[in-house]
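>>> Build the 3D model from these lines:
(one chain, ligands or ions: 1)
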Amino acid sequence: MKRDIELQYKTSIAAYLHTSPDHIFLYYKGRVALYAILKAMDVHQGDEVVIPAFTCVVVPNAIKYLGATPIYVDIDPVTYNADLQCLQQAITERTKVIICQNTFGLSSNVEQIQALAYSRRIYTIEDCTHGFGGSYHGKPNGSYCDAAFYSTQWNKPFSTGVGGFAWVQNPELASKIAAVNSQMEPATRKDALSLSMLYFVREKILTEKRYWWMIRLYRWLSRHNLVQGSSGGAELISTLMPDHYFKALSATQMKKGLQNLQHLGDAMALRKNNARIYNDYLRQHGKTFVSPALFDDHSFLKFPLLVFQREKVLEMAEKQHIPLGEWFCSPIHPVCEHWEQWDLQGDKYPIAVEKASQMLNLPTDEKNPDKVIHFLEEINDYIL
Ligand SMILES: Cc1ncc(COP(=O)(O)O)c(C=O)c1O
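Next comes the predicted model:
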């Protein structure tokens, strides 16, 4: 039964990526997929892994769990992905892997990074946790690197509550990752039950009016490991691998993923349409906007909004019931201080630090974009 649904789920994902289900590997979360890929690449102590300084803390965590060192690269303020020149400068003879990201759903410079890495026998991984369904030069995000990983967490292009998968292109890695996966724990009945309860709350109880207090409650509960959260408390305060981290996706998650994949096309069209509406508004009002040249490939999981006084704008959003996103409030979101244990020195990445201090995200899955435009009018003086 589990095998049937697993094949069905992998086949559906593979169809979107124009690949074979044999190249798709399923995990309890996207970060676990990254960990498995790094392990299959034999990343270990002494190795360096290059990542953008505008990511989620679970990315450097996966690197640190293997004893390797994350090497951060400042970002390009247009794409919010790694700046190509800074990335070139970050490469040393210890570089084993370069991770390129599709921040908010936009990939950039992937071919150049791939070529750069290939000539130096460095592996490449695409962090497609924001970009499933989007493309780069006409091919699905994740097509160009040795491997890519994706997230199906709540806020992602399609959701399984928490969840993730890897697409492994490099044939040598495919057999290695299968061996790595044999060490994976199965998800427990308790995991599946607790996720089913969260699906119910999300679908039946969460409304716009309840959004802010429920999200705060959910974050508090997950930080204290009382519900299945995106990140457990330990991941935000330590670089030691939590117990039961290397875990497989459950059949409950696969079923939810299959249901939600059916709506992906409509969901993507809605996101792009809303992004156009927000972008037109910002452009017409002399604010920072996304270059229309980037629209073809951008899948707009989130729409970047740059503001003065982030906290004040969040307060106003809460009052008006606007589900404003907070990615990324830090180069290693959501950890805002004590970055040393993640080997991050903020002053080396001025653009990433500045953008993180200004960044909020407009919801692109909004059924009523007029409400968001009205909110933009209200906060006009705070928008950069
Ligand atoms: C850029 C980035 N990479 C990796 C991840 C991890 O994905 P997951 O929560 O599925 O482990 C996230 C989570 O949002 C992310 O934003």
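
>>> Going C-terminal from whichever strand or helix holds Leu173, what's the next secondary structure element?
Assigned by DSSP states H and E, Leu173 belongs to helix 171-181. Later in the chain than helix 171-181, the nearest helix or strand by DSSP H and E is helix 189-200.

>>> what does the helix or strand just after that next one rub up against?
Following helix 189-200 in sequence order, the next helix or strand is helix 211-223 (DSSP H and E). Residues outside helix 211-223 that contact it (C-beta atoms under 8 Å, 6 or more residues apart in numbering): 201, 205-206, 227-233, 236, 317-318, 321, 323. In this view, the C-beta of every residue, glycine as well, is placed from N, C-alpha and C.

>>> Also compute the angle for helix 211-223 relative to helix 189-200, please.
Angle between the axes of helix 211-223 and helix 189-200 is 170 degrees (criterion: axes from the mean of the first three to the mean of the last three C-alpha atoms, to 10 degrees).

>>> now helix 211-223, how far from the centre of its chain.
Helix 211-223 sits 19 Å away from the centroid of its parent chain (C-alpha atoms, centre = their mean, to the nearest Å).

>>> Please point out which parts of the helix or strand that comes right after it sit buried.
Downstream of helix 211-223, the first helix or strand assigned by DSSP H and E is helix 233-237. Residues of helix 233-237 classed as buried: Ala234, Glu235 (neighbour count, 16 or more other C-beta atoms under 10 Å).

>>> Give me the packing partners of helix 233-237, helices and strands only.
Applying 3 or more C-beta pairs under 8 Å, 6 or more residues apart in numbering; DSSP states H and E, one finds that helix 233-237 contacts helix 211-223.

>>> Quick check: mean pLDDT of the helix it packs on?
Averaging pLDDT along helix 211-223 gives 78.

>>> ok, and what's touching the helix of greatest length in the chain?
The single longest helix within the chain, with elements called by DSSP state H, is helix 264-284. Helix 264-284 is contacted by residues 16, 105, 133-134, 157-158, 288-290, 292, 295, 298-301, 303, 305, 362-367, 369, 372-373, 376, 383 when judged by C-beta under 8 Å, 6+ apart.

>>> that older thread, just checking: which of the contacts of helix 211-223 also lie near the ligand?
Ser230 (C-beta under 6 Å from any ligand atom).

>>> just the contacts of helix 211-223 now: which is nearest Glu6?
Checking those against Glu6 with C-beta to C-beta, the nearest one is Gln228 at 20.2 Å.

>>> Could you check the pLDDT of the closest one?
74.

>>> Return the residues in contact with it.
Here Gln228 is in contact with Gly161, Val162, Asp191, Ser194, Leu195, Leu198, Ser222 (C-beta under 8 Å, 6+ apart).

>>> Over to Pro21?
Here Pro21 is in contact with Leu7, Lys10, Thr11, Ile13, Ala14 (criterion: C-beta under 8 Å, 6+ apart).

>>> which parts of the protein sit against the ligand?
Residues of the chain that fall close to the ligand, judged by C-beta under 6 Å from any ligand atom: 29-31, 55-56, 58-59, 101, 127, 129, 151, 153, 164, 230.

>>> All set, thanks.
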